[in-house]
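Undergrad: structure for the following, please:
(2 chains)
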Amino acid sequence: MKHGKYPLIITFLVPPLLLYGIFVLSPYLQAFQISTTDWLGYSASANFVGLDNFATLLRDEYLWNAVKNNAILLVLLPILTIALGLFFATMLNMGGRRGTAGVVGVRGSSVYRLVYFFPQVLSVVIIAYVWKEVYNPNNGLLNGALRALGLPAPTWLGDPRTAFWAVLAVMVWSNVGFYVVLFGAAMQAIPRDIYEAALLDGSSRWTTLTRITIPLLWDTVQVAWIYLAIAALDGFILVQQMTDGGPNHSSDVIGLRMYNTAFGSETKFGYASAIGVVMFFLTLSVAVLALRAARRERIEYA
Amino acid sequence: MNRRDLLRRTAAAGLLATPAAGLLTGCALGGGDEEGDGGETYVGTKSAQNPLGVKEDAPLEVVIFNGGFGEEYAKSHEAMYKEKYPQAEIKHSATQEINKTLQPRFVDGTPPDVVNNSGAGQIDFNGLVSQNALADLGELLDAPSLDIAGKTVRETLLPGAVEVGSYDGRFLVLNYTYTVYGIWYSTKLFAERGWEYPRTWDEHIALCREIKKSGIAPWTYAGKHPRYMSWPLISTAVKFGGLDVAKAIDNLEPNAWKSEAMKAAADAWYQIVKDGFILSGSPGLDHVQSQTAWCQGKAAFISCGSWLESEQKNVTPEGFNMAVAPTPSLGSGDKLPFEAIRGTAGEPFIVPAKAKNRAGGLEYLRTMLSMKGAQDFTRRVSSLTVVAGSTQGVDLPFGLSSVVKALEASGSNGFNWVYNNYYRKLERELVDAACGEFFSGRCTPAEFLDACQKGADQIAADTSIRKYTRA
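TA: Predicted structure coming up:
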């Protein structure tokens, strides 16, 4: 141990830890405290109500409706995004089979790679606005195309049967580009000779994907799963901008419930904090479960 | 630890960060609740010239909602204040997020002196009033008007302006503009086709049939904010059943939404849904999209308030000449005449109870309510104010002059309701959702009224929401 190591470590660690404590940990703790009050947000006084807010929450049908939607997102968003991401990444990195020099992507893959990444560059609010116009039942791109093909033109965001799925599609669309790049980068790290061996053995694209690529990418897929679980439990911005939870609460999510309870149509900060606390434990459980469920033997290339 | 492990752990940490963003932040309840922090610090001497007791050199802070009206009109009012009190320093700011910007300042007792609490980021008034966060503006009403000789401020206001800002008899909110809610149509389109605005419900349905035959949709509405359609529906009910219909709704009386008048109105309006008189796709349009479709001549009627003309300024074709009209009468048995229209004060201004310069805040509102201040506002933003007669000598655009005419015709038959001010959630969330189902044809009139009533009952049963009643 070199002399003077600790002062250095302390100098570098204390400021970030302090910031973390003030701006991350203390709001957490305060939210727990606020969730046990009836605080209405615009005065400094609040009464302690114990667990009343949580009792109300159990009976709040609007909240349960939002929880149900988040649960659907939690299942579908990772599955769809990872499946599409893996498919595109495979096509871009090893879809072309003409080459003799090992494994290459389909023609024009560098262009596709760029295009897939576009949504990642846009702010979520802009994505929401663009898609709101795409889904416009009368002048939108989507219904324009459907009409040209002679198909029926639904109202998309205006119909409780389609609104939620329309938002889910946008979520997948806006996320998939990032995972194409992530999976693509991980695929580059897989030694070429493995693929060349598979090619020589006459392995089909599908077998190569399921028997070689995915097992070797498992760690990355797991990371993707967790990131997407985060996105699925949130979804607030897209939903608020595109449907504001409607029609008739059909596309509501927990985050929007919380926001509307505190800032929207009411000022119940105590109750909104209780929703936040529930969200905290929900996310925590999902994280733990995702890490547990995806645990597997890891392969290291030396 | 290898790279992948690190990546994985970062992801797990990221998972923790999400609820952190979600959990509400801020040193919210901070150091306990000391009374007496904040509050009035600048007090001047009252005199005939200075009836509110403004301290001449006290700074004044004004926060404006930067929405459809912009902020220039406020700067002009501030200049008028400064003219009278040259030593006062005025701090002006404008934002679209009134709630997020000002919430911490209300909590720590240092709010601005005047707040224009408006827009989508408006602070729920029920919350503000029940926490005693607002100063009583009664003193302002009894002060003499700044430039209308011999009248108090109260005497210069249009009828209904005081009631709509009063909670349990205390005048807490000055609603500065005067808004008329009705049915809008293009007089040009109607003149070209030889159509006449219908005075009765049967004429309305007959005209809708004719309009539909000509290839235009009779109606469109803001499908994303379907509460816009609750306005003509409730108006129809009030005109049919009298003012008590609205009063019962405002006071959350049991089954107020299921009164005979509401049933008659819902049944009547159901016909435009049933007979396909609504532009297809309307449930998927927001207010701007539907209003634009209407301006493009794809639909004949739309329900909106008198801000419509300035909101649509950029897309309204030349010579479109929009005009507002009252809802058609259901029949000869209506309690109110056809001309009766819903008019109410809007665009709320408040003086926080803990404002440092409370007297200055009231004086600023008095400046806004002077004839000079009101005329300046109307000229700048093409909107009426609550100051009676302030449109005289001001050149009004076509739509706004139709609003003035409708108001004059309506006279003392004008009506209003305030449940949307008392219980923001009831209109914005619950009635809104019910209207969405109803006007897209997914529920019957009875189911619609049930859903509204269920919402009202929920609010009534919620002990954490303060209840108000009006006479």
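
Undergrad: pick out the residue nearest the middle of the chain.
TA: Assuming you mean chain A. A:A231 (2.3 Å; C-alpha atoms, centre = their mean).

Undergrad: you looked at the wrong chain, it should be chain B
TA: Closest-to-mean residue, chain B, C-alpha atoms, centre = their mean: B:G346 / 4.7 Å.

Undergrad: quick one on the thing from earlier: wait, doesn't the residue nearest to the centre of chain A sit right on A:L77?
TA: Yes - with contacts counted by C-beta atoms under 8 Å, A:A231 reaches A:L77, the gap being 6.3 Å. C-beta coordinates here come from the backbone N, C-alpha and C atoms, glycine included.

Undergrad: now do the shared contacts for the two.
TA: A:171, A:175 (C-beta atoms under 8 Å, 6 or more residues apart in numbering or on different chains).

Undergrad: quick one on the thing from earlier: tell me which other helices or strands the helix or strand hosting the residue nearest to the centre of chain A touches.
TA: Using DSSP states H and E, A:A231 falls within helix A:214-233. Applying 3 or more C-beta pairs under 8 Å, 6 or more residues apart in numbering or on different chains; DSSP states H and E, we find helix A:214-233 packed against helix A:61-94, helix A:163-188, helix A:269-293, helix B:3-22.

Undergrad: and A:G150, which of those helices is closest to it?
TA: A:G150 sits nearest to helix A:163-188 of all those, at 21.2 Å, using C-beta to C-beta.

Undergrad: can you list the helices and strands packed on helix A:214-233 in JSON lines and add distance to A:Y195, mean pLDDT and mean neighbour count?
TA: Output for those, formatted as JSON lines (distance: least, C-beta to C-beta, whole Å; pLDDT from 0 to 100; neighbours: other C-beta atoms under 10 Å in any protein chain shown):
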{"stretch": "helix A:61-94", "distance to A:Y195": "6", "mean pLDDT": "92", "mean neighbour count": "19"}
{"stretch": "helix A:163-188", "distance to A:Y195": "9", "mean pLDDT": "93", "mean neighbour count": "20"}
{"stretch": "helix A:269-293", "distance to A:Y195": "28", "mean pLDDT": "89", "mean neighbour count": "20"}
{"stretch": "helix B:3-22", "distance to A:Y195": "20", "mean pLDDT": "49", "mean neighbour count": "16"}
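
Undergrad: got CSV for the ones you listed, with distance to B:N314 too?
TA: Formatted as CSV, the helices and strands packed on helix A:214-233 follow (distance: least, C-beta to C-beta, whole Å):
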stretch, distance to B:N314
helix A:61-94, 36
helix A:163-188, 27
helix A:269-293, 37
helix B:3-22, 36
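
Undergrad: for B:L285, find the nearest of the ones you listed.
TA: helix A:163-188 (13.2 Å).

Undergrad: any part of the closest one near chain B?
TA: No - counting by C-beta under 8 Å from any C-beta of the partner chain, chain B has no neighbours in helix A:163-188; the shortest distance is 8.6 Å.

Undergrad: which of the residues in whichever helix or strand comes after that helix are buried?
TA: Using DSSP H and E, the helix or strand that follows helix A:163-188 towards the C-terminus is helix A:192-200. Going by neighbour count (16 or more other C-beta atoms under 10 Å in any protein chain shown), the buried part of helix A:192-200 is A:195, A:198-199.

Undergrad: also stretch B:109-125?
TA: B:109-119, B:121-125.

Undergrad: most widely separated two among those?
TA: Taking C-beta to C-beta as the measure, those span a maximum distance of 24.2 Å, between B:G109 and B:G119.

Undergrad: any weak-confidence spans in chain A?
TA: A:1-3, A:95-104, A:294-302 (pLDDT under 70).

Undergrad: the same query, at a cut-off of 50, please.
TA: Residues of chain A meeting the criterion pLDDT under 50: A:99-101.

Undergrad: chain A contacts on the stretch 351-471 of chain B?
TA: B:424-425, B:428-429, B:432-434, B:436-437, B:440, B:442, B:464-465.

Undergrad: what's the PyMOL line that selects buried ones from the residues you listed?
TA: Applying 16+ other C-beta under 10 Å to those, the buried members can be selected in PyMOL as follows:
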select buried, chain B and resi 424+425+428+429+432+433+434+436+437+440+442+465
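
Undergrad: flag the least confident of the residues of the stretch 351-471 of chain B next to chain A.
TA: In terms of pLDDT, B:S464 ranks lowest among those, with 87.

Undergrad: ok but it is inside a strand, no?
TA: No - assigned with DSSP: H, G, I helix; E, B strand; the rest coil, B:S464 falls outside any strand and is coil.

Undergrad: isn't it right up against A:F269?
TA: No - here B:S464 does not reach A:F269: they are 11.3 Å apart, not a contact under C-beta under 8 Å.

Undergrad: C-alpha coordinates for the biggest strand by length in chain B, PDB please?
TA: Longest strand of chain B, by residue count under DSSP state E: strand B:174-186. Extracted in PDB, the C-alpha atoms of strand B:174-186 (Å, rounded to 0.1, in the frame of the first residue of the first chain):
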ATOM      1  CA  LEU B 174     -59.900  36.800  -9.800                       C
ATOM      2  CA  ASN B 175     -60.900  35.300 -13.200                       C
ATOM      3  CA  TYR B 176     -59.800  38.000 -15.600                       C
ATOM      4  CA  THR B 177     -61.200  37.000 -18.900                       C
ATOM      5  CA  TYR B 178     -64.800  36.500 -19.900                       C
ATOM      6  CA  THR B 179     -65.400  33.300 -21.800                       C
ATOM      7  CA  VAL B 180     -68.500  32.200 -23.600                       C
ATOM      8  CA  TYR B 181     -69.100  28.500 -24.300                       C
ATOM      9  CA  GLY B 182     -71.200  27.600 -27.200                       C
ATOM     10  CA  ILE B 183     -71.400  26.000 -30.600                       C
ATOM     11  CA  TRP B 184     -69.200  27.500 -33.400                       C
ATOM     12  CA  TYR B 185     -69.800  27.500 -37.100                       C
ATOM     13  CA  SER B 186     -68.500  29.300 -40.200                       C
END
